[in-house]
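**Q** Coordinates only, no sequence provided:
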């Protein structure tokens, strides 16, 4: 089972977004049969089988084993990944384009950059899986609490200068055998879970941060 699978096929994306099928994928972090799943989610076994077949057709569920019980063969399946992300390529005609109106202070442009990141890394993962290789990537995730909007602006300027200097230092346009890499650095307000929530409420800003954007 993969840690994360990036869904690039529009049909697979549609299948995964069905609430019942999403619930089944969550339940299938560990292998189970349709009979076991039916008891867990409170649906008839035939209905669960119908949804499992749809998930399996699109590679979201995989067969683990088949058990013979009398005249019946019980299929045990599991999710093909622990979690899933839908690539913007699944919505290719309307996916965000970061080349359109680039603005480093725009939250919409940041979303477009993030979408491209998911799309590109998803494609790299798919290619690497077919080739039996790993993708060479690097990421840093941290948090900084700014005392003021002025401090945040100063931080952004220093960060931009440092990244620009590093890119200029190591970029070699004519390196034989070299390979281009994309560098994306982002700063945005943190989103905190509300009391009683396990996931952040993405409709509310983080009240510990400045409301300015």
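**A** Received the coordinates, thanks. Just so it is clear, the structure is predicted and the values come from calculations on it, not from any experiment. Residues are numbered from 1 along each chain as shown.
**Q** Now stretch 59-78: buried residues?
**A** 60, 61, 77, 78 (16 or more other C-beta atoms under 10 Å). For every residue, glycine as well, the C-beta is placed using N, CA and C.
**Q** Am I right that the first one is in contact with residue 84?
**A** Yes - at 7.3 Å, residue 60 counts as touching residue 84 under the criterion of C-beta atoms under 8 Å.
**Q** tell me which element residue 165 is part of?
**A** helix 149-170 (DSSP states H and E).
**Q** what's the model's confidence in that helix, averaged?
**A** Mean per-residue pLDDT for helix 149-170: 96.
**Q** From the chain's centroid, how far away is it?
**A** Here helix 149-170 is found 27 Å from its chain centre; the criterion is C-alpha atoms, centre = their mean, to the nearest Å.
**Q** Stretch 188-196 now?
**A** 19 Å.
**Q** picking that back up, list residues touching both of residue 60 and residue 84?
**A** Each of 5, 7, 16, 25 lies in contact with both residue 60 and residue 84 under the rule C-beta atoms under 8 Å, 6 or more residues apart in numbering.
**Q** just these now: which is nearest residue 97?
**A** residue 7 (20.2 Å; C-beta to C-beta).
**Q** any chance of the buried residues of stretch 59-78 in CSV, plus pLDDT, secondary structure and distance to residue 115?
**A** Formatted as CSV, these follow (pLDDT from 0 to 100; DSSP: H, G, I helix; E, B strand; the rest coil; distance: C-beta to C-beta, whole Å):
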residue, pLDDT, secondary structure, distance to residue 115
60, 96, coil, 21
61, 95, strand, 26
77, 95, strand, 31
78, 96, strand, 29
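**Q** residue nearest the centroid of this protein?
**A** residue 85 (3.4 Å; C-alpha atoms, centre = their mean).
**Q** Look up which helix or strand that residue falls in, please.
**A** Counting by DSSP H and E, residue 85 is found in strand 81-86.
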